[in-house]
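Visitor: with the input below, show me the fold.
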Amino acid sequence: MNYINFYNNLIKLTTNKLLYKNLGKQDTFNDRLIIFLFHFSFFLKVFKNSENEKILQNIYDFNFRQLELSIREIGYGDQSINKKMKDYINIFHAIVSDVHFWDDLDVIKKKEIISKFLENFNNIEDLVEYFDEYKENLSKKTLNSYLKSVIND
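Guide: Residues are numbered from 1 along each chain as shown. Purely as a prediction, here's the structure:
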């Protein structure tokens, strides 16, 4: 199965200019990638179960192959790409670990988690609210609906 629609949807969510409007910082490739990883982490958190295990692994593999291609496109060499990918995978797993108990955390702790990965952003509360809403919206749909749908602007 091709997961390009899903990947493109995450990219659209991640590059949405409104998301960065009140954050007081010009978005960079690294910032967008971290926000992409947050989106993907919440997606996995909501849909992780034994029934979805194989498909989620396929999505994980596909997304990281696409990210590697994106890093190549911006001009990194093979050795740099391997190091960057290792760094981003480690960051992703740290994010997954931190958002695992998201529902049990207060706003202050959620802000600390986001701030740990996205430094020098203003109004982190906006991102906390955004990801709370994103997680809630994810839980209202099925995995299949997210894989087949396309986000409209």
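Visitor: do you know how far residue 63 is from residue 79?
Guide: Shown here: residue 63 relative to residue 79, a distance of 22 Å by Cβ to Cβ, to the nearest Å. (Glycine included, C-beta is placed from N, CA and C.)
Visitor: between the two, point out the one with more neighbours.
Guide: For residue 63 versus residue 79, the count of surrounding residues by other Cβ atoms under 10 Å is larger for residue 63: 19 against 8.
Visitor: pass me the low-pLDDT residue ranges in this structure, would you?
Guide: Within the chain, the set of residues satisfying pLDDT under 70 comprises 1, 150-153.
Visitor: mind listing the helices for it?
Guide: 4-15, 17-20, 29-47, 53-73, 78-99, 107-117, 124-139, 143-148 (DSSP state H).
Visitor: would you indicate which residues of the shortest one are buried?
Guide: Using 16 or more other Cβ atoms under 10 Å as the test for burial, helix 17-20 gives 19, 20.
Visitor: how far off centre is that helix?
Guide: Helix 17-20 sits 15 Å away from the centroid of its parent chain (Cα atoms, centre = their mean, to the nearest Å).
Visitor: so which residues make contact with it?
Guide: With Cβ atoms under 8 Å, 6 or more residues apart in numbering as the contact definition, helix 17-20 has outside contacts at 13, 26, 27, 35, 130.
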